[in-house]
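K.L.:
Got a predicted model here, sequence first, then my questions.
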Amino acid sequence: NSGSSCERCDFETDLCNAFHELNLYPGWIQRNGQSGMGPPYSDHNGNDSAYFLSLSSEIQSSSATLRTKFLLPTDEEHVCQITFHYWISQMSGTLMVGFQKHSEDTITNIWQDSGELQNQWKTKTIVINSTEKYEV
């Protein structure tokens with residue numbers, strides 16, 4: 001697709017424009033495998049100095065959200081495909097992806113994983129079709 005506008009996001013320097021400032025999201029911290037906070041000890045490529053986002057230990061009993069900036073409508077030629085790597089270390093934890101249209105107040109849950117396969121990186125690709133601006 002020559003008109004591809006894919007953005008790669010690795011959390012090394014910032015939140016890759018997709019997410020707002022991290023301090024608006026209590027509970028999320030930017031860290032790497034060397035931070036001494038327990039697993040994971042590397043990113044999905046096995047790099048122990050590469051950064052990723054992690055929930056701080058203080059918030060394990062509640063929830064924390066990351067929200068993208070508004071993404072543009074899709075059409076027949078352009079669907080939105082979001083691929084991300086994730087790690088779930090607690091049996092009680094659930095990672096959810098929600099979708100919210102610009103004109104609506106409700107968030108629709110479009111995917112979730114509660115981590116049957118613990119303590120390993122997994123990859124997920126989500127395809128979104130929307131006729132109006134939306135956030136994920």
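P.N.:
Looks like it came in fine.
K.L.:
which outside residues touch stretch 118-136?
P.N.:
39-40, 43-44, 67-74, 79-91, 97-103, 110-111, 113 (CB atoms under 8 Å, 6 or more residues apart in numbering). For every residue, glycine as well, the C-beta is placed using N, CA and C.
K.L.:
and these, which of them are in strands?
P.N.:
Those of the contacts of stretch 118-136 mapping onto strands are 80-86, 97-101, 110-111, 113, per DSSP state E.
K.L.:
What is the most widely separated pair among these?
P.N.:
His85 and Lys101 (26.4 Å; CB to CB).
K.L.:
can you pull the contacts of Phe19?
P.N.:
Going by CB under 8 Å, 6+ apart, Phe19 touches 25, 66-69.
K.L.:
for Glu76, helix, strand, or coil?
P.N.:
Secondary structure assignment for Glu76 (DSSP: H, G, I helix; E, B strand; the rest coil): coil.
K.L.:
who's in contact with it?
P.N.:
If you count contacts by CB under 8 Å, 6+ apart, Glu76 has none.
K.L.:
and if we set it to 10 Å?
P.N.:
Asn129 (CB atoms under 10 Å, 6 or more residues apart in numbering).
K.L.:
where are the low-confidence patches of this protein?
P.N.:
1-6, 59-61, 90-92, 117 (pLDDT under 70).
K.L.:
Can you tell me the closest non-neighbouring residue to the residue sitting nearest the centre point of it?
P.N.:
Nearest to the geometric centre of the chain sits Phe84, at 6.2 Å (CA atoms, centre = their mean). In space, and not counting its chain neighbours, Phe84 is closest to Lys124: 6.1 Å by CB to CB, 6 or more residues apart in numbering.
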